[in-house]
Structures are given as structure tokens and as C-alpha cells.
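Peer 1: here are the coordinates; sequence isn't available:
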């Protein structure tokens, strides 16, 4: 309905004119920087190809989706995922193009695990026969699979899973069984309503060859069983025609429970097998863990994390450039305008380091993709599970910097935050990596301390530990009025050294507590807690060394990437070096006392870090809008009134609230003494009736 | 539908038995502690009276409300708020009882602003005639009012509001006018759909008595207007019968716009008036700001914040006591159970300080309620807007400690976090307080530096500044190998001194930059940023002194409350002292470098803080469940499977997912080549049709 608001304009300067002058005041080439960020994997070409196809589909319009109920949202997501797959067939999309489409549509796809863990596990753990049988059906989506590992009572600790697959020698098959309520499979996306198959991870229970009394309490015939640990089984869980669960299986959103028989061939047997005649287990001939694949998967997580962070920062930079609040307190003139909040150093210091972090993640992700590079082992020593929190914290920081509008549907950050916080959890099975990482670093440190590093085996971690260990020992004996070697404020290479020094010192602390002082694993957790600042994962002790180590890797990779670059223009390179310094120093700033007490930086320099950060943020400030433009996040993906490219923030907010908001189609009855809720529907009107039916 | 899962039990030990033994291992009297926390305002008696009435109403059942869409949720909230008011009438509830009911129902009430800012503003700013006219109708809810101050383009800076109320001398009334899109009133809860009246804050525009060219561009007759600043007007915005907005007003969820005439009597005129004959303004005879009221309102925010935090901590403590993950790495026995995660020091160090914070907020809130106490001015020097973030950050920390289940609907923390983050924003108009606070502390410091503190006027801030200023000056000249006076690890009173010392030192830094070095307000923001660590409010520079000051007040009030108490048993008192130490030291730990560099603590002690915190958390650990029990947060309010009093966590999670979840009533069609979404509805089935209609 047209009304007088249609012709109203925002107060000057409008968002559009603000962003135009922001872009005019920087000489950075957005094209050059975009190419630098995105050319290595053809990302922009993919985006340019897929985006217009998606935008022309009404079903993929995002404008009011956040007003839907959860069940409706699920159905919509299913309809959208089907459509995207059909578009992929129609246009002959490559897997990368299909993936790009999912990324831009930005739904939690009901087929997510089918395309991810389900197919990956069968590829990696299935025998040749199993691959031949299953992979063609999976690729055609003739069957839809899920991955059922975590349970109601068990997440990270896979060894503790309760679901059992017990060998029945008479019938030559397994009995899949959930003995308790806590054994219910839980958090298994896709499985709840969509999948008809699943990879189920269960304890493989076989008859104990020696039949001691140590084993399981036995079956009716008194056979003792022992567990051979968690193994993956492929199981059909629903009827292909009715889509109802089989007898003996209860499945719902969230979680299935089992009490069914599955054939011998259900055990994925690339690396192990059960002899169908004897029920004997054959050990894996090689470790099931393929390091290259893991590193590759983790590099994808990092590469995705940087885009998510870039997205939040894009919204934050554009809107804080437009949003004005308060006049300069020292400006006596009555008519001067309020300042854009991005001009406040206190806002710069929160937003611009996150922008720098997106670049830091970028370079580390790139290095991780190159699994054959010399840096591979060094990167594997970092635990990047904490990065997931780094970027969700970043989203939240951006949101808070936006003021009230940051919490509205128009910010684009509300759903982003909710989605990624839960994704962090879904992807959270880092127990293996973190356990290995801590043990690995302690062992490495042991070799260095005992000077037993073999020359041929030397990797980056050996080099790092060997280089800094003598300095740490020196620092130990001299706790007095010492000077620090690293000029963190003026020398970019010294910054790398300070981080490597500190990471080594922390690894040495862990080593000393655990190996030299022989302290219990649990008792040293707190002693080590200070090392883990900034990480929030539940069992912090397993990643704390790697937390400092991760920071060190991010700084090192950022430095290496810029040092070795020969292509960038001076204008772009200068700003990237400033971003490197800002990332490193603002990371250091939050851990000041630790750098001080481990002599990785001098008190004199530490006292001046903030002033230096200030100088860097004010140098980066004029380029802020172009720096986020270069990430090329399309408005369709941002789905944000505050962050839109053209700066028409207030027009869009008003449009969304006034014209699009479904609540405004309802007139209510505010009189508390009357039962009627929606005007003219009468008491017990249809709207309320349907709501009450859902309660 | 009954199935085999009905008879399944969780793996032992069950949550119920865990909580029973947790409660058995502590000798704390829950009754004594509950009385200590809640007796001062009859809180528990109110809760006990109101809760059973609410729980017997089907409309107030919370079990599946989080599955509703936003428009449905709004209608439900309206129906509930009406019901609660009718219950208040029926049972003759006092305002405190009505408030308790709203707190327990825990909805964002569509009448929230009617009961809050609308009635308060008319009480405080209305003339006697205006009060007599409006208050009876407001109290009977015959009219429903909102408070319309913030605008699309303006939040905190009230002076920048664009909406105008221009005096029309001919018609003896005002013309209320939104000149631009950004002048749209925004974030005005209640107004969107519910209210028929509003207090509208607008620039009062009167004819310039001297008619200089400095004024506004003038009307048709060339009269110049000047603004007398923002003033509140009471305005009817909707027809009482049709509930449609008047001609010239566009209102929606979110925001109204105006182009209407309102009478002379619309200007709330307790402290100012416009002469209807001459259009001349009479200045307020006394300041409109009533300090006592403000402090009282802020004390209510703090008291509420502590309950919200206690709620999150209740969920976290109970569930982490039940949840088990990983065996002790040093436990070689094969059959030992996994450890409860609350036994991990790394979990304790995140959850127990928040428990201690709830107590710290409690004592400060109590002191604030006593506005006539000697501490009043000291408390007013603290800016408690940062507390709002303190407790939302606390909710998030708790949620993360819960693992995957923390992000599910069953945690009770998802909605809590969303609601309170947005409430922080809604209540965020602290610009006046923060500006005043910074200026106040700088001025106070000036008096101390120039030794001009009058003896009679001395308040707590004077005493604090006078006490610590000489020590700070001493520290300045001696930056070498100094010793610190405060024994923060062994002396409870010294902890208070360390915090007061640091707060004074920071105030002195601000004073020196601003007054002595005459640095620009904007340019010192970054220099001051380090003082504001932990706060996230947009314009941090205005609250940074007060941030350290707020921490100092919390520590001081906690200490004073325990020191002066004569009633508590030794058992309870011992644990409360440990909570005091834990709160103080864990606050200090996050700002270690600052305490070090301002000589408020010695390096020797700072290096040992973590070990001391560890000792405190392990002493508090056995009492954790009883300590949260004592807050007496009812299960109805917690609405959390993880936090329920009886510990039946997994049974409840399974029940919610398997039996209550509406999504599980839908069987979907997963074949991407078929349009059908809901099985047996066919392509374009009714469900999808209604979803698409909403897009």
C-alpha cells in the first residue's frame, strides 16, 4: 500500500554517497586484490557463473525466510536443496560449482551429510566391492545417507560410544543395538528426516577367542564378547518406498536408536575384516587415518572460516562507515555533523583486526591446501579447532559494533552467528587431532631437550624448537632486568620470532610439567590454562600448546606469503603489510603478560603496542571499504540491509520493516479483558487456534 | 506412539543419582543461603505464590514454543500477557507480584513499555493535570502506551533526534513531523502493533524570538524556528475502535512515522512549558534528572542481571556435573568411568567464576538499592552498562561449556542469550550516565591533584582518589625494581586495595591525558582503550574509567557485605569468602598486565594467581550444585533439559526430540527429482504452498 513514506529520503549524507566517497579516498585496486585473494582456485569465476542462476529462482529468494517457523524452514531447505541439485543436473555443474551454489544459498542443507561424511567414509573405508556397490547410487542421490557417530551421551570421545554391533556367528551377521537411552545416536544431521541410509559407528563386539571372564557378560549360550573398538557400518534405516523407519529402528529429528540385524557386508572393510566363518578380526594393515585428507579437510574449514569472517567484517565496515553517532566532543561548532562511528579509534580497534584476521586465515589456508609443501608438518602441529571460535567470536564482535541494528533481522549477522555456532559444534570432532597434537609437541620437545633430533628427520617444529630452546633456557636463569632480542614494533621478521619463541616456551612448560615433573594429566590442566586464553573448546588442555602454536603459524604464514610475493603492486602490498602488523600486534596485545613473562617481548615495547596499533588502524582506515569490497561477497549472500554494497542501509531497513514484515499485515486487539487476539477474528480466532494446536 | 524406547534408561550413573550424590557431598545449608540471597525483598515468597498459578495455565506451557514462527510467537506473547494481567486482577496481585509473573513467564511482553517507560515518563515528566488525566487510564490498561525515542538513524545520541514538534501559533498546537526516512522512530517495542498511545520524544521547535537568520529556514510566512532540544509529547497514534493508525501516521513493527497535529497539552510539562499565547519557552526550574530514581532503576537492572546469570550458571553446573567425557589419561584401569566434565579444572575455571560473579552482582545490587547509604555516590560513579555484557558473555561461556547440547533447544540458553542480547540493546540508552561518569571522575581527580577537596563534601570517590593518588605518584617516579604493597593472594582487604589503586591509576591516566596534556577527546580514545578491556559498548571511551571503577565497586561491595555480616553460619561464610576471592582474582587475572604495569600487584604474586585460582575452584567444586540450588531458579523458568533440578537430562532430551518435536510428525520425500516435499501431499502440497505464500 503506497503512503507518504514512499517519497522520504534518509538524512544527508546518505549511505550511498558515504560509500562512494569512502571508495574514492583509497587508491587500492579492488581488482588486483580480489584476484590475489581468489584466483588460486577460480573462486570468483565460479561465483560469477552460479550466482545469476540462483538469483533468478523465486524459491531461493531470502527476503522473509527468517520469519518462518522451524518446521517450515526445514521444509523450505529441503525444497531448495532439491532445486539446487536439479539446477546442477540441468546446467551440468561440476562438484565445485554445486558446492558454490550451496555456499551462496547458505542453508543448512538436509543433504549435507550425504554429500560430506557419508560419501567420504564409504570412499575411504569401503572395500573395492563396497565402493562399487554404493558410490554410483550415492552420486545419483538414489539413496540418501547420513553419518551417525555421536550419541546423546557421547560426543568427542569416540571410544566411549555405547552403540554395539555384535557378531552373530549362527546367522553370519551383526546385531546393531543401542543398549541405553544415552546410546541414542544424536546430532546426526540429514538422518533425522531425510536419509534412508547411514554410516553407523558402533563398537565391534566379537566372541572372545579365549573366553575369559574379562569379556562382556555373554549371550544366552554363555559366549563372552569383547569390543574391538568403534567401526563404521553401512545400514539402511528407512523403507525406500514409504520412507518409514524399519521395525526395530526409531528415528527422528534428533537421533535414531537401533535394535536390528545387518548383514556381514555392512562392516566397511577396506582396512579390517571379520572372518564370516570364525568371527575372528583381522587388524588394519595400515592406519585408517590419512593425513593428507585430514589436512585438506581442515584447509577447507579454514578457507570457509575466512569467508564467513570476511562476510561479518564487510557488514561491519560498510555500516560503521555510514552510521553516525555523536559529534566530536572538542568541536565547538553547532552545525558540524556527527562522526561516522568507524572514525572512532575504539571502533577501529575492534573491527580492523578482524579484517586483518580474515587475511591471516587466508594465507594459512592456502599453505594448508598445499599438503606437499615443506610447511605441512608445521601446519599439522597447529590445532585449528580454536579457529572456529575465532570466527564466531568475530561475528559477535562485529554485531555488537553495529549497535541496535546488529540484532535485527536486517543485519544478516543474527542467522550467520546462530548457524556457525552450531556448525562449530557439528564439526567439533577434533578429539583425535588435539590429542595427537599435544602428544606430538611434547614428544618433539623431548627430543630437542635430550638433543636427540636426527638430522635427516628435521621438520619445521624441530627447527623452531631447536632455535628457541636455548633462548628459553637462558631466560630461565636470568629473571632479572633483562632485555628482549625482538624488536616487535619495528621489525616484521622479529614479530614472527616473538610468536615462535613464545609458542616454544609454552611447549617447554607443558613438557616440563608432564615429563620432568611427572604431574598428572588432569592436575596440570589449570597450570596450563593460561596458555589457552582465547580458546573455548571444552577440554582446553589438549589444545593449549597448539593454541599458541596456531597463532604462531598464522603469523608465520602471513609473513612468508608477503615476503615471497613478487606480483603485488606497492600500494596493495603496503596495506597488506600493515594488516600483517595489525593482526600480529593485536593478537599479541591480548596476551601481553604472557609475552612479557616468557621474555618474548620487552616491557618497553609492550607498553607501546597500543599506540602502534592505533597508528596502524588509522593508516588502514581509509582503505577499509575497498579492503572489504575486495572479498567480493555478493549482496545475495550477505542478505544484510546494513552491509549492502550500494550503502542504501536505511531505505532497505525501512522497506524490510514497513513493507516486507509479515507481522504488519496483522491488526491486533490490545484490550486485555477481551480474548480476541487478531482483530475481527473474534475470541478463539483461527490464528490463535492454530497456534494453540502447536503448543 | 509407544515404542521400545519407552523402557530404555540412560547409562549409569544416571543424572538423578549424580545430582543426589553431588548434593550429599556438601554441608552447605541451601535454606540458609537462599534466605540470605532472597529474603531482603520477599523474593522467594513472591515466587512461591505466583509460580503454581502460572504452571496451571495451559497457555503458559513452554514446551514447544521455540518451534513457532516469529508472527505466531508475537500473537502468543500477546495472549499470554493478557492472561497474566487477568490473573493479576483475579488474584488481586500487587505490582511486585505481577512483575514476578512476567519474570517467570519470561516473554518479551507486548505491553513492556506501557508498564515501563510510558507510565514512568508520565509520572515523572507530566504536570499534575496530565498525571490526573492519564495515569488512571494507564493503570487500568484502558489505553496502551509506548515510548518512542530512538530513531532509525539515531540511538544513543538523543540530541541528534530528527523528529520535530513545531509550534503553530495560529492553531495553538504542535505539528509532529518526521522530515526524513532516518527520522522514523525505531526500536520502539509495544508501539509496533499493540499501543494506541505513545510518548514521542521530538525536537521542540519554537519561533525564534529574535528572528535571526541563524534559525531554521522558516515556514511560509518566513518565521524562523529554533530547537529547544528533545522534549516528550504524549500522542494518540491509533483509533481506539479500529486500532488503525491515524491519518498522517504510519506505524509498523518496527517503527512509526509522523505528519500530524497534536494539541498544546501534549507536551509533558512538569519541568517546562510553552506559553500558548506567545509561543515562548519557560526553562525547567529544576533538573529533570532525578538521581535516586536512576540509581534505583539501575539497581533493578543489576538485580535482574544476577538472576539471569545465576540461571545460566545453574544449567551449566548441573549439566557439567552429569556430563562425562574422557577417562583420566593417567588412569590405566580399563573399566574406570569417564570423568564428569565439571571435575576438569579447565571447566571449573570457566564456570565457577561466573557463579562467583552472580554473588558479586548481588551485593552491589543490594547496595545500590539503598540509595541513601553512604555508598550512593561511589556507586553512581560506576557505569553498569558494561554489566549487561558481562552477563550475556557469561551466558555464552556457559553455553559453550555444555558442548553440542548447549546449542540445542533443550539447553534453555539459546533463547536466553538471544533475548538478553537484544535487551541489552533496548536498554542501551546509557549515553547520559556514561558521559556524566567520565566527566565526573575527571573532575574529581582534578580536585585531588590540586588538593582542593573540601573536607565537608568528601565522598567515597574523594576518599579513594585521595588515598591512592600519592602511591600512584610514587610509582611513577620509581619504575624500576619495585615491590608492591598489596598481598593479593593472602589478604582479602588487600585485594580491595589493589582494585581501588588500579581504578584510581586509570582515572589519573585519563585526567592527565585530557586535562594536563589537553589531548583531543577522540585522539585519546585508543590510548584509553586498554582500560576498557571486557566492555563492548560502542563508545568505549566514555565508560572506560568507570569500567575499572565498576570492577573496583563490585570487589569492594562484595568485601564489605561479607565483612559486616553477623548472621551467616561458618560453613556458608567460608564458601562465600572463597567466592569473593575467586571473583576478585579471576577478574584480576584477565587484566594481569594492567595490574602489573600500574604497580597494583607484584610480578611474583601475579605469576601465582592462576595456581591460587585453581586452589579456590577445587575448594568450591564440592559445593557447586548446592550453590546453584540456593538461587532457587524454578524448572519452569529454566525451561532446560540440561539444567533441571532432578538431573533427568537425557530422558528429557530424548522426550523433547522424540515425542514433542513437531518436525517428527512430518514424513518427507527425499527424492530430488520429485517436487513433493511432504510425503503423500503430492507436488505443491498444502504445506509447501503455505510456506511459499510467506516468502
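Peer 2: That came in fine, so what should we check first? Keep in mind that this is a model prediction, so the values were computed, not measured.
Peer 1: for residue A:196, what are its contacts?
Peer 2: Residues near residue A:196 by C-beta atoms under 8 Å, 6 or more residues apart in numbering or on different chains: A:143, A:144, A:145, A:236, A:237, A:238, A:239, A:240, A:243, B:670. (Glycine included, C-beta is placed from N, CA and C.)
Peer 1: ok, residue A:512 next?
Peer 2: Counting by C-beta under 8 Å, 6+ apart, residue A:512 has no contacts.
Peer 1: just residue A:233 next, same as before
Peer 2: A:165, A:174, A:176, A:199, A:200, A:201, A:202, A:262, A:266, A:267, A:268.
Peer 1: what comes up buried for the lengthiest helix in chain A?
Peer 2: In chain A, taking DSSP state H as the definition, the longest helix is helix A:291-322. Within helix A:291-322, the residues scored as buried using 16 or more other C-beta atoms under 10 Å in any protein chain shown are A:295, A:298-299, A:301-322.
Peer 1: please see if that helix touches chain B.
Peer 2: No: using C-beta under 8 Å from any C-beta of the partner chain, helix A:291-322 never reaches chain B; the gap is at least 9.2 Å.
Peer 1: which other helices and strands contact the next helix or strand after that helix?
Peer 2: For helix A:291-322, the following helix or strand on the C-terminal side (DSSP states H and E) is helix A:345-369. If contacts are counted by 3 or more C-beta pairs under 8 Å, 6 or more residues apart in numbering or on different chains; DSSP states H and E, helix A:345-369 sits against helix A:291-322, helix A:376-380, helix A:385-401, helix A:544-564, helix A:570-589, helix A:603-620, helix A:624-629, helix B:524-529.
Peer 1: what about the stretch 201-350 of chain A, any weak spots by pLDDT?
Peer 2: The model of the stretch 201-350 of chain A has pLDDT under 70 over residues A:211-221, A:252-256, A:284-299, A:329, A:334.
Peer 1: go with 90
Peer 2: A:201, A:207-230, A:237-309, A:323-341, A:343-350 (pLDDT under 90).
Peer 1: got the residues of it near chain B?
Peer 2: Residues of the stretch 201-350 of chain A lying near chain B by C-beta under 8 Å from any C-beta: A:242-244, A:248, A:250, A:252-255, A:257, A:259, A:324-326, A:328-330, A:338-339, A:341, A:343-350.
Peer 1: thinking again about what came up before, averaging pLDDT over each of the helices and strands packed on helix A:345-369, which comes out lowest?
Peer 2: For the helices and strands packed on helix A:345-369, mean pLDDT drops lowest on helix A:376-380, to a mean of 50.
Peer 1: re earlier: in strands only, show me the contacts of residue A:233.
Peer 2: With DSSP state E as the criterion, strands contain A:165, A:174, A:176, A:199, A:200, A:201, A:202, A:262 from among the contacts of residue A:233.
Peer 1: give me the neighbour count for the residue nearest to residue A:356 when sequence neighbours are not counted.
Peer 2: Once flanking residues are discounted, residue A:356 sits nearest to residue A:583: 3.8 Å by C-beta to C-beta, 6 or more residues apart in numbering or on different chains. By the criterion of other C-beta atoms under 10 Å in any protein chain shown, residue A:583 has 26 neighbours.
Peer 1: what sits against residue A:583?
Peer 2: Residues in contact with residue A:583 (C-beta under 8 Å, 6+ apart) are A:353, A:356, A:357, A:359, A:360, A:554, A:555, A:558.
Peer 1: out of the residues you listed, who's nearest residue A:643?
Peer 2: Of all the contacts of residue A:583, residue A:643 sits closest to residue A:357, with 17.6 Å by C-beta to C-beta.
Peer 1: pretty sure the closest one sits against residue A:309.
Peer 2: Yes: counting by C-beta atoms under 8 Å, residue A:309 is a contact partner of residue A:357 at 6.3 Å.
Peer 1: circling back: buried ones only from the contacts of residue A:583, please, as a ChimeraX command.
Peer 2: Buried members of those, defined by 16+ other C-beta under 10 Å, are picked up in ChimeraX with:
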select /A:353,356,357,359,360,554,555,558
